[in-house]
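Asker: quick check, what structure comes out for this input:
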Amino acid sequence: MTAALDENVGTEPVRPGFAFDVAGLDRWMTSNVPGYHGPLSVEQFKGGQSNPTYKLETPQRKYVLRRKPSGQLLKGAHAIDREARVLTALGGVGFPAPHVHALCMDDTVIGTAFYVMDCVEGRIFWDASLADTPAFQRAPIFDAMNATIAALHAIDPASIGMEDYGAAGNYCERQIARWSKQYIEDVEAGRDSSMDKVIAWLQAHIPNAESPRIIHGDFRIDNLIFHSSEPRVVAVLDWELSTLGDPRADFAYHAMMYHMPPDILAGLYGADLQALALPTEEAYEQAYCRRTGRTRIENYPFFIAFNFFRMAAIFHGIKGRVIRGTASSAQATKRAENFPRLAAIAWERAQAV
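Answerer: The predicted structure follows:
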């Protein structure tokens, strides 16, 4: 494992600026989490860019706590209650979402709103090439990812009480407006010429929307927990960006790994897929289409460019939090530095459409 990956894996003592009243949490969990018994110890996960995430351990079991960061926050960001809601709804129909034990919107308990969920054991792959995994396991692991995102998009939001989980109207139009606004308003993080150009291009090329589905918004290999020995997804993590939206955009975000430099995120750009025994992008797209009853994904190149813009906007937000001192991950500074690279790739993808 490289040093960069090691910095992002596992837990560490709670970092300066992210501590909270553990005794207060213990009292709250005693009253609100069925079966909970202390004493309680707390460590912080190294990864996670937006909502600080902690491992809670007792003599009987382990939990995970996700909380809003402290300090100045952009309006509408860090909606902890939305995460808890979607996890609960999806878990109720057998989708691999960690079980949520309780949600706390009372800032007086640990300083910000939070929820407590199961700590799911298994494997997390930080390298999309799966280079450290036996070759015969790689294609089945990719197929499990493909099946999981297809299963998510097959769920009718109304059937699980989630028909109001997102605003009405064109998802891409809303997203372009949302992220453009956050990009422009975060004056401290600055502007970028490639980002400005791709925003204008996207606004002029928005395709017609599909029927909305629950979309994850950050579905990638390192946000999944796999069974310890089987090619099976046992938990999908990090639902902060989930909403109702166009499933084509959600799949293209996931498939963006084929275009993503591996030093930025879990990407496959430049990899020899045949030598790695991994499916090509075309084969991966076709597998998703078979599972979702499509012949192809309309406007697929647009959605790739759109998602690089969106990822660039997310990294721009991380850059702003680094400047303001509210970034929750040790990797935040490196991600902030990669914002202009993602903006440049977004513009390149737009020009190639």
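Asker: buried ones in the host helix or strand of residue 314?
Answerer: Element membership of residue 314 [criterion: DSSP states H and E] is helix 300-324. Within helix 300-324, the residues that count as buried by 16 or more other Cβ atoms under 10 Å are 302-322. In short, each C-beta sits where N, CA and C put it, glycine included.
Asker: please apply the same query to stretch 243-259.
Answerer: Neighbour counts over stretch 243-259 (16+ other Cβ under 10 Å) mark 243-259 as buried.
Asker: equivalent analysis for stretch 213-229, please.
Answerer: The neighbour-count check on stretch 213-229 (16+ other Cβ under 10 Å) flags 213-226 as buried.
Asker: thinking again about what came up before, what mean pLDDT does the helix holding residue 314 have?
Answerer: Averaged over helix 300-324, pLDDT sits at 95.
Asker: got the domain boundaries for this protein?
Answerer: Structural domains assigned to the chain are 3-118, 135-352, following automatic domain parsing.
Asker: out of the ones you listed, deepest packed?
Answerer: Highest mean neighbour count of these: domain 135-352, a mean of 18 (counted as mean count of other Cβ atoms under 10 Å).
Asker: chain center to that domain, what's the gap?
Answerer: How far domain 135-352 lies from its chain's middle: 8 Å, per Cα atoms, centre = their mean, to the nearest Å.
Asker: tell me where the stretch 151-300 of the chain has helices.
Answerer: 171-185, 193-204, 247-255, 273-276, 281-292, 300-324 (DSSP state H, counting those that start in this stretch).
Asker: relative to helix 281-292, how tilted is the third one?
Answerer: On the basis of axes from the mean of the first three to the mean of the last three Cα atoms, to 10 degrees, helix 247-255 is oriented at 140 degrees to helix 281-292.
Asker: packing partners for helix 247-255?
Answerer: Contact analysis of helix 247-255 by 3 or more Cβ pairs under 8 Å, 6 or more residues apart in numbering; DSSP states H and E lists helix 135-154, helix 171-185, strand 213-215, helix 281-292, helix 300-324 as its packing neighbours.
Asker: include distance to residue 88 when you put the ones you listed into JSON lines, please.
Answerer: Output for these, formatted as JSON lines (distance: least, Cβ to Cβ, whole Å):
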{"stretch": "helix 135-154", "distance to residue 88": "15"}
{"stretch": "helix 171-185", "distance to residue 88": "23"}
{"stretch": "strand 213-215", "distance to residue 88": "13"}
{"stretch": "helix 281-292", "distance to residue 88": "24"}
{"stretch": "helix 300-324", "distance to residue 88": "25"}
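Asker: figure out which of those is closest to residue 80.
Answerer: Taking Cβ to Cβ, helix 300-324 is the member of those nearest to residue 80, at 16.2 Å.
Asker: what packs against that closest one?
Answerer: helix 171-185, helix 193-204, helix 247-255, helix 332-337, helix 339-352.
Asker: where among the ones you listed is average confidence lowest?
Answerer: helix 332-337 (a mean of 90).
Asker: just the CA atoms of it, as PDB, please.
Answerer: Output in PDB follows, covering the C-alpha atoms of helix 332-337 (Å, rounded to 0.1, in the frame of the first residue of the first chain):
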ATOM      1  CA  ALA A 332      -8.200  17.500   2.000                       C
ATOM      2  CA  THR A 333      -5.200  19.700   1.100                       C
ATOM      3  CA  LYS A 334      -4.200  17.200  -1.700                       C
ATOM      4  CA  ARG A 335      -7.700  17.200  -3.100                       C
ATOM      5  CA  ALA A 336      -7.900  21.000  -3.000                       C
ATOM      6  CA  GLU A 337      -4.700  21.100  -5.100                       C
END
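Asker: follow-up on the earlier one: distance to residue 334 added to the helices of the stretch 151-300 of the chain, as TSV?
Answerer: Output for these, formatted as TSV (distance: least, Cβ to Cβ, whole Å):
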stretch	distance to residue 334
helix 171-185	20
helix 193-204	19
helix 247-255	21
helix 273-276	25
helix 281-292	26
helix 300-324	9
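Asker: where does this structure have its least confident helix or strand?
Answerer: Scoring the helices and strands of the chain by mean pLDDT, DSSP states H and E places helix 3-6 at the bottom, with a mean of 44.
Asker: next structured bit after that one?
Answerer: Using DSSP H and E, the helix or strand that follows helix 3-6 towards the C-terminus is strand 11-12.
Asker: and the helix or strand following that following strand, what does it pack onto?
Answerer: For strand 11-12, the following helix or strand on the C-terminal side (DSSP H and E) is helix 22-32. For helix 22-32, the elements it packs on are strand 100-104, judged by 3+ Cβ pairs under 8 Å, 6+ apart.
Asker: what about the strand it packs on, distance to the chain center?
Answerer: With Cα atoms, centre = their mean, you get 20 Å for strand 100-104.
Asker: parallel or antiparallel, which strands does that strand pair with?
Answerer: strand 114-118 (antiparallel) (DSSP bridges).
Asker: so how far is the strand it pairs with from its chain's centroid?
Answerer: With Cα atoms, centre = their mean as the basis, strand 114-118 stands 17 Å off its chain's centre.
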